[in-house]
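Pasted the sequence and its predicted model underneath.
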Amino acid sequence: QVQLVESGGGLVQSGGSLRLSCAASGRTFSYDIMGWFRQAPGKEREFVAAISWSFYITYYADSVKGRFTISRDNGKNTMYLQMNSLKPEDTAVYYCAARNTGNIYSPLSYDFWGQGTQVTVSS
């Protein structure tokens with residue numbers, strides 16, 4: 001089992017920044033890939049970014065490349081998502097998740113999820 005707790009969401013103006021955190025506990029060593037997804041009202045959950053704990057390989061959705069940065073602190077078992085140049089279309093509930101196997105970009109590949117944190121970007 002893996003427990004994930006997100007924090008850092010909030011309300012920000014367009015062009016602003018936020019940093020999300022995801023604290024992981026439990027059998028985290030079994031899950032090398034951790035990811036961020038988001039879900040806006042009426043839309044499907046979509047991939048944002050992912051990172052390999054072992055090799056520090058990062059993956060990004062095209063919509064956030066150059067604006068968002070994923071990172072992790074192995075000592076703290078914590079993953080981060082630095083979000084800059086935020087746009088109203090980034091408004092969503094953001095989730096962190098732990099991947100077992102399969103397509104890194106698909107939420108179906110992830111076994112454990114946090115409760116989500118709301119990010120709202122005003123225009």
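Nice, thanks for sending it over.

Now do the same contact list for the residue positioned nearest the centre of the chain.
Against the mean C-alpha coordinate of the chain, by Cα atoms, centre = their mean, the closest residue is Trp36 at 2.1 Å. Contacts for Trp36 (Cβ atoms under 8 Å, 6 or more residues apart in numbering) come out as 20, 22, 48-50, 70, 79, 81, 94-97. (C-beta placed from N, C-alpha, C; glycine too.)

Could you report the separation of it from Ser123?
23 Å (Cβ to Cβ, to the nearest Å).

Contacts only, for Ser52.
32-33, 58.

Let me know the distance separating it from Asp32.
On the measure of Cβ to Cβ, Ser52 and Asp32 end up 6 Å apart.

again, but for Gly75
On the measure of Cβ to Cβ, Gly75 and Asp32 end up 17 Å apart.

which one of those two has more residues nearby?
Higher neighbour count among Gly75 and Asp32: Asp32, with 16 against 6, using other Cβ atoms under 10 Å.

one step back: which residue is the nearest non-sequential neighbour of the residue nearest to the centre of the chain?
Val48 (4.2 Å; Cβ to Cβ, 6 or more residues apart in numbering).

Now do the same for the one you found: its pLDDT.
Predicted confidence (pLDDT) for Val48: 98.

would you put the C-alpha positions of the one helix or strand it maps to in PDB?
Element membership for Val48, per DSSP states H and E: strand 46-52. Extracted in PDB, the C-alpha atoms of strand 46-52 (Å, rounded to 0.1, in the frame of the first residue of the first chain):
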ATOM      1  CA  GLU A  46      -5.500  14.000 -17.900                       C
ATOM      2  CA  PHE A  47      -1.800  13.400 -17.600                       C
ATOM      3  CA  VAL A  48       0.300  16.400 -16.500                       C
ATOM      4  CA  ALA A  49       3.800  15.100 -15.600                       C
ATOM      5  CA  ALA A  50       5.600  12.100 -14.200                       C
ATOM      6  CA  ILE A  51       9.000  11.300 -12.700                       C
ATOM      7  CA  SER A  52      11.200   8.300 -12.100                       C
END
